[in-house]
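S.K.: For reference, the sequence and a predicted model appear below.
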Number of protein chains: 2
Amino acid sequence: MKSHVPLLDKITYYIVKRKGKQVRPMFVFLSARMLAKPSESTYHAASMVELLHTATLVHDDVVDDSFERRGFFSINALWKNKIAVLVGDYLLSRGLLLALDNKEFQLLSILSTAVKMMSEGELLQIEKARNLDIKEEVYYEVIRQKTASLIAAACSAGAASATEDTKVIEQFRLFGEYIGMAFQIKDDLFDFGDIDVGKPLGIDIKEKKMTLPLIYALQNAPRSQRRYIINIIKNHNNDKHKVAEVIDFVQKSGGIEYSNEVMIDYRNRAILILDEFKDSPSKSSMKDLVFFVTERKK
Amino acid sequence: MKSHVPLLDKITYYIVKRKGKQVRPMFVFLSARMLAKPSESTYHAASMVELLHTATLVHDDVVDDSFERRGFFSINALWKNKIAVLVGDYLLSRGLLLALDNKEFQLLSILSTAVKMMSEGELLQIEKARNLDIKEEVYYEVIRQKTASLIAAACSAGAASATEDTKVIEQFRLFGEYIGMAFQIKDDLFDFGDIDVGKPLGIDIKEKKMTLPLIYALQNAPRSQRRYIINIIKNHNNDKHKVAEVIDFVQKSGGIEYSNEVMIDYRNRAILILDEFKDSPSKSSMKDLVFFVTERKK
């Protein structure tokens, strides 16, 4: 990642230091290993997926105006929007060049599709945030695109590095998609939970992001209460106490339990796909990873 | 460019409507036509170059916090940073998929290199903005990367769509680089000019961007004046009257004339490369384009 711009090197050093759980490259490796011995392509895929994920996180820093991420200050808070956009673009282009230099054209195609879907998903979410009365189906579409697409890409890229069987690659893509859905539902649950996950509670509400626990709660509330809550989200989303009221409303509605059930349902569908493959140490590691992702505390 | 996100379609419609001079695709077509009949690859190259340029403009909207571009409101002012980043990423990924679907791997490589260089160049500029006492050489390095790299990519991609001769492709790349340098110097001159170019005067000074006319003026000023001017840029860059003083200082220093000479020198070097190719209608159109770019009033 070395460049000839000292500022850039300082930032990439900072990014590498604060690296996250690296869940996505694990999906790449385990998907590949369930099928064959990981090849050089598997390593390319794992690097590119994480690079791409990092690029989108950096761009997210611009986007969300969040001042904390992974417990550190975000790139944004330290170096401003301008730099975050450029560093994200730089990382993207490095990823592209890595793939091109190694003639990984299928990988490129898988990942470009993921970038397209992620940006579409985020934009769809923004669009829907204007109309707060959104349906569950729209929520699933949003998280399928903005989150599940990259984990789906990780799994299909891993599989594609180990086999040419398009049916198998598609199975892994779908497995990744289901896990990605579960992953995002889990993430959205944190916004209403009481565990310290290194990001403040109620931030989605503040940003008018309608997530499953809230959508469920609104669906099942009497009309007057629904109006009251929607009014808070629309007009008092910067008022701490009002936001706490929304969190309380969701907690009492059964929205947490319902979302947990939906999440487990996606996880079960993913496990069903895994069970079409023969038992192996990689398969049980993959199952461990699946349970880690859906039961993590942060 | 049709998507299934109405918000995105609205924005791409808006982008298409406010389309600019489309200089870069012209460089692609003319480079190709100087060598052979434009092929389907030429069209792919032209589309991708403009798509990429648009993506970086949209990202630029986040970056520069400028509220006006091409005379319209910027995407940023209308729809905020978040959306601009996402739309830029979306456009990039569409460009990538266009190239991948058509197996344009050389084009991808040329353009990914350009994206990498552009982001590096912008970051280098930001880094140097902290140390206001920058040298001419650093300025040339910045504009070579942030601007000239894409025009170089346009010309080499155009050439690559018409010939496999790597020496010729490299000649066109270098031609594009020289023109890109001239193009940016011209652009930087507008910041000190008195022509209405649809963007406010002195905006570079406000953003502490050290461009050639200013660098020259500072180099040739007595020490006390240099200190006085640098102090304005550092500490009073939001004061209209002080910024006007800097503009006046540059105008009186001969920095405008000097920059014009450097620009013409780059143009001449570009023309020399063109003259290694046989005369043709495309070659004279290319020369017209070169003169348009360096003599434009906006």
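M.R.: Arrived safely. Numbers count the residues shown, from 1 in each chain, chains lettered A, B, ... in the order given.

S.K.: can you map out the strands along the stretch 1-150 of chain A?
M.R.: Taking DSSP state E, counting those that start in this stretch, the strands of the stretch 1-150 of chain A run over residues A:68-69, A:72-73.

S.K.: Comparing the ones you listed by mean pLDDT, which bottoms out?
M.R.: Mean pLDDT values for the strands of the stretch 1-150 of chain A show the minimum at strand A:68-69, a mean of 41.

S.K.: hang on, isn't residue A:105 packed against residue B:105?
M.R.: Yes. In terms of CB atoms under 8 Å, residue A:105 counts as a neighbour of residue B:105; the distance is 6.7 Å. In short, each C-beta sits where N, CA and C put it, glycine included.

S.K.: What is the neighbour count of residue A:144?
M.R.: 18 (other CB atoms under 10 Å in any protein chain shown).

S.K.: likewise residue A:103?
M.R.: Other residues within reach of residue A:103, judged by other CB under 10 Å, total 12.

S.K.: Just want to check the distance between the nearest residue to it once chain neighbours are set aside and residue B:135.
M.R.: Distances taken as CB to CB, 6 or more residues apart in numbering or on different chains put residue B:105 closest to residue A:103, at 7.7 Å, once the chain neighbours are dropped. Look at residue B:105 and residue B:135: by CB to CB, to the nearest Å, they are 38 Å apart.

S.K.: try residue A:112
M.R.: Per CB to CB, residue A:112 is found 39 Å from residue B:135.

S.K.: Name the residue in those two with the higher neighbour count.
M.R.: Ranked by neighbour count (other CB under 10 Å), residue A:112 and residue B:135 place residue A:112 first, with 25 against 12.

S.K.: contacting residues around that one?
M.R.: When contacts are counted by CB atoms under 8 Å, 6 or more residues apart in numbering or on different chains, residue A:112 is found next to B:93, B:96-97, B:100.

S.K.: doesn't residue A:209 fall inside a helix?
M.R.: No. Under the criterion used here (DSSP: H, G, I helix; E, B strand; the rest coil), residue A:209 is coil, not part of a helix.

S.K.: I'd assumed residue A:130 was in contact with it.
M.R.: No. Using CB under 8 Å, residue A:209 makes no contact with residue A:130, being 11.8 Å away.

S.K.: who's more crowded, those two?
M.R.: Counted by other CB under 10 Å, residue A:209 and residue A:130 do not tie: residue A:209 has more neighbours, with 19 against 10.

S.K.: Wasn't residue A:237 part of a helix?
M.R.: No. Secondary structure of residue A:237 (three-state DSSP): coil, not part of a helix.

S.K.: And it, how far from residue A:223?
M.R.: Using CB to CB, residue A:237 is found at 21 Å from residue A:223.

S.K.: Which one of the two is surrounded by more residues?
M.R.: More crowded of residue A:237 and residue A:223, by other CB under 10 Å: residue A:237, with 15 against 7.

S.K.: For burial, what's the neighbour tally of the residue lying closest to residue A:50 once chain neighbours are set aside?
M.R.: Nearest non-adjacent residue to residue A:50, counting by CB to CB, 6+ apart: residue A:25, 4.9 Å away. When neighbours are defined as other CB under 10 Å, residue A:25 has 21 of them.

S.K.: Is residue A:25 in contact with residue A:154, as I believe?
M.R.: Yes. Residue A:25 lies in contact with residue A:154 (CB under 8 Å); the separation is 7.4 Å.

S.K.: So for the residue of chain A positioned farthest from its centre, what's the pLDDT?
M.R.: Computed with CA atoms, centre = their mean, the residue of chain A farthest from its C-alpha average is residue A:224, at 33.9 Å. Looking at residue A:224, its pLDDT reads 95.

S.K.: OK, contacts around the residue nearest to residue A:103?
M.R.: By CB under 8 Å, 6+ apart, the contact set of residue B:105 is A:100, A:103, A:105, B:99.

S.K.: Under the pLDDT cut-off, which ranges of the stretch 151-298 of chain A? List them.
M.R.: A:194-200, A:298 (pLDDT under 70).

S.K.: And the residue of it that's closest to chain B?
M.R.: Per CB to the nearest CB, residue A:207 is where the stretch 151-298 of chain A lies closest to chain B, at 9.3 Å.

S.K.: That residue: neighbouring residues, count only.
M.R.: Around residue A:207 there are 18 residues (other CB under 10 Å).

S.K.: unless I'm mixing things up, it is touching residue A:129, no?
M.R.: Yes. Checked against CB under 8 Å, the pair residue A:207 and residue A:129 is within contact range at 7.5 Å.

S.K.: pretty sure residue A:138 contacts residue A:128?
M.R.: Yes. If you go by CB under 8 Å, residue A:138 and residue A:128 touch, sitting 5.6 Å apart.

S.K.: and the two? which has more neighbours close in?
M.R.: residue A:128 (21 against 16).

S.K.: Contact partners for the closest residue to that one other than its chain neighbours?
M.R.: Counting by CB to CB, 6+ apart, residue A:128 lies nearest to residue A:134, which is 5.0 Å off, once chain neighbours are set aside. Residue A:134 sits next to A:128, A:210, A:215 when contact means CB under 8 Å, 6+ apart.

S.K.: Which phi and psi values does the second one adopt?
M.R.: Right, residue A:210. Torsion angles at residue A:210 (phi, psi; degrees, to the nearest 10) stand at phi -90, psi 110.

S.K.: Enumerate every residue touching it.
M.R.: Applying CB under 8 Å, 6+ apart, one finds that residue A:210 lies in contact with A:128-129, A:132, A:134, A:139.

S.K.: Using TSV, lay out those together with distance to residue B:48.
M.R.: Shown next, in TSV, are the contacts of residue A:210 (distance: CB to CB, whole Å):
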residue	distance to residue B:48
A:128	31
A:129	32
A:132	38
A:134	35
A:139	34
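
S.K.: Angles on the backbone of residue A:104, please.
M.R.: Per-residue torsions, residue A:104: phi -90, psi 70 (degrees, to the nearest 10).

S.K.: Roughly how far does it sit from chain B?
M.R.: 11 Å (CB to the nearest CB, to the nearest Å).

S.K.: Report the separation between the nearest residue to that residue once chain neighbours are set aside and residue A:16.
M.R.: Spatial nearest neighbour of residue A:104, excluding adjacent residues (CB to CB, 6+ apart): residue A:44 at 5.2 Å. To residue A:16, residue A:44 is 18 Å away according to CB to CB.

S.K.: Between the two, which has more neighbouring residues?
M.R.: Applying other CB under 10 Å to residue A:44 and residue A:16 shows that residue A:44 carries more neighbours, namely 21 against 10.

S.K.: Does residue A:218 touch residue A:227 like I think?
M.R.: No. In this structure residue A:218 lies outside contact range of residue A:227 using CB under 8 Å: 9.9 Å.

S.K.: In terms of neighbours, single out the busier of the two.
M.R.: Shown here are residue A:218 and residue A:227; by other CB under 10 Å, residue A:218 has more neighbours (23 against 11).

S.K.: Secondary structure element holding that one?
M.R.: Assigned by DSSP states H and E, residue A:218 falls within helix A:212-219.
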